[in-house]
Every structure is written in C-alpha cells, then in structure tokens.
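> with the input below, show me the fold.
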Amino acid sequence: MIQRPHYIEQLKVYMDKPFVKILAGIRRAGKSTVFEEFAEYLKESGVKSSHIISMRFDSYEHGTIENGDGMYNNLRSKMKESGKYYLLLDEVQEVENWEKAVNALMQDCNTDVYVTGSNSKLMSSELSTYLTGRYISIPVYTLSFKEYIEFRKDSGDTRGEKELLQSYIRLGGFPAVSVGNFTQNEVYTIVRDIYNSVVYNDIVKRNNIRKTDLFERIVRYVFENVGKTFSAQSIAKYMKSEGRTTDVETVYNYIDMLKKAFIVYRANRYDIQGKEVLKTQEKYFVADPALKYSVLGFNATSVSAMLENIVYFEMLRRGFEVYVGHAGGKEIDFVGIDKDKKMYVQVCRQIPESESGKDREIGNLQRIKDNHPKYVVTLDDFAEGNADGIKLVHLSDFLLGEWDV
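Predicted coordinates for the structure are as follows:
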C-alpha cells in the first residue's frame with residue numbers, strides 16, 4: 001500500500017481527542033485508502049484489531065443500513081468488550097441522520113470516531129446542530145505532484161521529474177489511474193466514469209434535476225473557464241445567447257451543487273490594499289486536471305489555466321486560504337493566507353519576453369508594497385533566481401520544494 005503520510009499525520013494530531021474527524025473530498029480521491037493506512041497505524045500503536053471497526057456505507061458488505069438508528073444499533077452491537085473503540089466510517093453521507101448516530105455513539109460509548117464523505121452535506125447545518133464544536137474537517141484532494149511521483153515510481157516508472165510533471169498536468173492525480181500504466185485515453189475513460197458517478201448519483205439524482213442538458217452545459221462552461229473570473233450572471237447571459245433560458249439563481253444553485261460534490265472549488269477575490277474579501281467575479285478550479293480533460297478532451301491551449309489549477313490546489317494542501325488578488329485594477333493570480341503568513345503568486349507558462357508581458361507577471365507583484373514573499377511560477381526551464389525581489393521558480397520546484405513564507 002502506497003502511503004499518504006500528509007493525511008495520517010493530520011489524523012494523528014487529533015487522535016483520541018473528543019472530536020469527530022471528517023475526511024471530505026471528491027469520490028476516488030483516496031479517502032478509503034487513508035483509512036486503511038490509519039487502521040494499520042492504530043494496530044502498530046497497540047490498538048487491538050477487534051477494537052477497530054471499519055464500515056463502508058456505499059457498499060452492501062455490511063448489509064443495508066438506511067438510517068441513523070440502524071447505524072447506531074449495528075455499531076453498538078460490535079462493541080462487546082470494555083475499552084476504547086476506533087470507528088472508521090466510510091462514505092457516511094449515504095446514511096440518513098448519520099450525524100445523530102455519531103453523536104449518540106460519542107456520548108454513550110467509549111469511542112474515537114473518524115468519518116469520510118464525498119458531499120459537503122458533511123459540513124451542513126445538521127452538523128452544526130448535532131456536533132456543535134465537536135468535529136474537525138480535513139480536506140482530501142487527489143494526489144499532489146510529490147505523491148504522484150511516489151505512485152509512479154511504485155509502478156516502475158523511471159522517468160525524471162520534468163517528464164512526470166508533463167504527465168501530471170495531462171493525466172491528473174486520481175490514485176486509481178496513477179498506480180497503473182494506462183494510456184491517456186484510458187485515463188480519461190476511467191475519470192469520466194468517476195465524473196459520471198458523482199454528477200448523476202451525487203448531484204442529478206439527489207437534487208432531482210430535470211433539466212440535465214442545461215446542467216451539463218453549465219458544467220462545461222465552468223470547466224472551459226477554469227482560472228478565469230466570471231459570475232453567475234455572465235453564465236446566464238451566455239446560456240441565453242445559445243438559446244437556453246435560465247436565471248442567475250439556477251446557475252448559482254448548480255454551481256453550489258458542484259462545489260458540494262467537491263468537483264469545483266471557488267477562489268474569491270481579495271482586495272490586497274483594503275485587506276477584504278470581495279463578493280464578485282470569483283474564479284473556479286476543478287478538483288483534478290483529468291476531470292476537465294475527460295469531459296472536454298485535452299487541448300494544449302488550456303495548459304496555462306491548468307497550471308493555475310495545480311498551483312491553487314498545492315497552496316490549499318499546504319494549509320493556505322487561497323484568493324484571487326486585486327490591487328489597483330491589477331490582478332494577482334493568487335494570494336495565500338495562513339494565519340500571520342501571506343504569499344503572492346503569479347502563474348504563467350513561460351517568462352514573457354515582451355515588456356507588457358513582464359509587467360503583467362512581474363510588474364503586478366512589484367506594485368505590492370509589503371515584504372511578504374512573491375513568486376512567479378512557470379514551466380520555463382530558465383526560471384530561477386530573483387527579479388527585483390520576485391522569486392522565479394519552475395513549477396516542479398514550487399510543487400516539490402519548501403516555500404520561503
């Protein structure tokens with residue numbers, strides 16, 4: 001089993017603390033594997049196997065458990081001895097009122113509870129009601145580039161970092177396709193199946209969407225415009241130009257459904273001078289590059305946007321809140337904030353040779369008059385060193401190295 005220590009370390013921090021630990025992310029991002037690894041860690045730490053109860057609620061392995069009462073009774077019946085039990089509950093959103101069952105198990109039994117889910121209902125008002133102040137949310141993403149390299153090495157791939165980066169940009173980081181030697185078309189077929197499962201089971205079916213053709217077109221619009229600022233109103237206008245009538249509220253609802261299924265993530269705009277989050281013209285990023293390409297096909301002209309996508313998620317993985325910067329009418333691709341730490345990042349395919357291009361990538365950063373680190377991240381092989389205090393760095397080095405923050 002290939003380890004993902006980043007997540008195990010986070011679980012270890014909260015082990016035996018009186019919180020429900022929630023691993024949340026898109027389906028097939030590797031949450032179940034993290035649970036398997038954590039179960040092994042528990043055994044190595046001296047926990048008896050009989051006191052580790054693992055259940056997956058999107059399969060019939062343990063029979064049909066439809067509601068919280070059945071979940072509570074089933075788990076309670078497995079705790080036959082004294083001592084603490086560790087409950088690893090996978091895809092709990094499949095069980096109605098699971099929150100009540102978990103809350104009761106924490107109160108009635110000596111338990112340490114961990115759950116996963118693929119829908120942000122896990123962070124909904126029900127949690128606020130039944131688990132107020134008693135849960136920790138740990139986001140799980142598809143593989144980082146560092147993890148991707150380890151997965152590929154385990155599959156016998158002997159290519160160097162730069163070649164592997166090209167594959168990572170094209171094929172993404174779903175664990176299932178990173179451990180095998182699949183062709184590009186095979187990867188996109190597998191990921192398209194993941195996409196279809198999420199869209200039709202977690203979104204269309206659950207939300208009873210009738211205008212599936214409109215929903216699919218809005219998904220395509222969002223995917224086509226990864227890394228670009230737009231609003232729900234601009235989507236509604238575009239749909240109207242295509243002869244599809246919709247309203248802004250419907251567009252917002254559909255995008256919100258995509259967010260709740262962890263297919264897309266939103267980066268709000270941040271006024272660098274006023275130090276406040278703006279409410280309009282946000283950007284959206286897709287959970288994995290292969291999701292976009294499995295739906296739209298690979299297009300070399302879209303690589304620049306995908307570089308932004310990859311940098312955005314790397315910053316999230318490292319604990320930053322990530323915004324689109326806005327200062328004096330100029331845009332900064334990303335502002336990363338983590339408590340008292342802050343960084344600014346521009347992303348481009350190559351360092352521009354024209355003065356106007358340099359002004360956009362480097363000049364915009366130079367206009368920010370503070371001492372927080374500033375990066376230009378690129379695929380340019382000559383990117384290294386500093387340009388008037390701006391760090392120029394190749395994408396692979398940015399993804400694999402430590403940041404001076």
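
> which residues does the helix or strand hosting Y284 contact?
If you go by DSSP states H and E, Y284 is part of strand 283-286. Strand 283-286 has contacts (Cβ atoms under 8 Å, 6 or more residues apart in numbering) with 222-223, 225-230, 255, 263-267, 292, 308-309, 312-313, 324. Glycine gets a C-beta too; all of them are placed from N, C-alpha and C.

> show me those residues that map onto strands.
Among those, the members falling in strands (DSSP state E) are 264-267, 324.

> can you lay out those residues as CSV showing neighbour count and distance to S59?
Formatted as CSV, the ones in strands among the contacts of strand 283-286 follow (neighbours: other Cβ atoms under 10 Å; distance: Cβ to Cβ, whole Å):
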residue, neighbour count, distance to S59
V264, 22, 27
Y265, 19, 28
R266, 13, 31
A267, 23, 35
V324, 22, 40
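
> hang on, the earlier thing: in CSV, could you pull the C-alpha coordinates for the strand holding Y284?
Output in CSV follows, covering the C-alpha atoms of strand 283-286 (Å, rounded to 0.1, in the frame of the first residue of the first chain):
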residue,chain,number,x,y,z
LYS,A,283,-12.6,32.1,-10.1
TYR,A,284,-13.4,28.4,-10.1
PHE,A,285,-11.0,25.5,-10.2
VAL,A,286,-11.6,21.8,-11.0
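
> packing partners of the strand or helix carrying V393?
If you go by DSSP H and E, V393 is part of strand 390-394. Other elements packing on strand 390-394 under the criterion 3 or more Cβ pairs under 8 Å, 6 or more residues apart in numbering; DSSP states H and E are strand 374-378.

> and the helix or strand containing N185, what's buried?
Secondary structure from DSSP H and E places N185 in helix 184-197. Buried residues in helix 184-197, counted by 16 or more other Cβ atoms under 10 Å: 187-188, 190-191, 194-195.

> and the contacts of strand 283-286, which of them are in helices?
222-223, 255, 292, 308-309, 312-313 (DSSP state H).

> can you put the residues you listed in JSON lines and add distance to G328 and neighbour count?
Output for the ones in helices among the contacts of strand 283-286, formatted as JSON lines (distance: Cβ to Cβ, whole Å; neighbours: other Cβ atoms under 10 Å):
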{"residue": "V222", "distance to G328": "28", "neighbour count": "22"}
{"residue": "F223", "distance to G328": "31", "neighbour count": "21"}
{"residue": "I255", "distance to G328": "29", "neighbour count": "21"}
{"residue": "K292", "distance to G328": "32", "neighbour count": "27"}
{"residue": "E308", "distance to G328": "21", "neighbour count": "23"}
{"residue": "N309", "distance to G328": "26", "neighbour count": "26"}
{"residue": "Y312", "distance to G328": "23", "neighbour count": "26"}
{"residue": "F313", "distance to G328": "28", "neighbour count": "24"}
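
> wait, which of the residues you listed is closest to N119?
I255 (15.1 Å; Cβ to Cβ).

> alpha carbons of stretch 319-334, as PDB, please.
Below are the C-alpha coordinates for stretch 319-334, written out as PDB (Å, rounded to 0.1, in the frame of the first residue of the first chain):
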ATOM      1  CA  GLY A 319      -2.900  24.900   4.600                       C
ATOM      2  CA  PHE A 320      -3.400  28.300   2.900                       C
ATOM      3  CA  GLU A 321      -6.700  30.100   2.300                       C
ATOM      4  CA  VAL A 322      -6.300  31.000  -1.400                       C
ATOM      5  CA  TYR A 323      -7.800  34.100  -3.100                       C
ATOM      6  CA  VAL A 324      -7.500  35.900  -6.400                       C
ATOM      7  CA  GLY A 325      -5.600  39.100  -5.700                       C
ATOM      8  CA  HIS A 326      -6.900  42.500  -6.700                       C
ATOM      9  CA  ALA A 327      -4.800  45.700  -6.300                       C
ATOM     10  CA  GLY A 328      -5.300  49.000  -8.100                       C
ATOM     11  CA  GLY A 329      -7.100  47.400 -11.000                       C
ATOM     12  CA  LYS A 330      -4.400  44.800 -11.400                       C
ATOM     13  CA  GLU A 331      -4.900  41.100 -10.800                       C
ATOM     14  CA  ILE A 332      -2.600  38.800  -8.900                       C
ATOM     15  CA  ASP A 333      -3.300  35.100  -9.600                       C
ATOM     16  CA  PHE A 334      -3.200  34.000  -6.000                       C
END
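
> averaged pLDDT, that stretch. What do you get?
Across stretch 319-334, the average pLDDT comes to 90.

> quick one: distance of that stretch to the chain centre.
Centroid separation between stretch 319-334 and its chain, computed with Cα atoms, centre = their mean, to the nearest Å, is 19 Å.

> distance of T116 from K292?
24 Å (Cβ to Cβ, to the nearest Å).

> meant to ask about E224, not that
8 Å.

> next: V377.
Counting by Cβ to Cβ, the gap from V377 to K292 is 19 Å.

> who touches M106 in this structure?
18, 20, 113, 134.

> so it is in which element?
Counting by DSSP H and E, M106 is found in helix 98-108.

> within its sheet, name the partner strands of the next helix or strand after that helix and how each one runs.
Sequence order places strand 111-117 as the next helix or strand after helix 98-108, per DSSP H and E. The partner list of strand 111-117 in its sheet, established with DSSP bridges, is strand 20-24 (parallel), strand 85-90 (parallel).

> you'd agree P18 is up against G133?
No: look at P18 against G133 with Cβ atoms under 8 Å: they stay out of range, at 9.7 Å.
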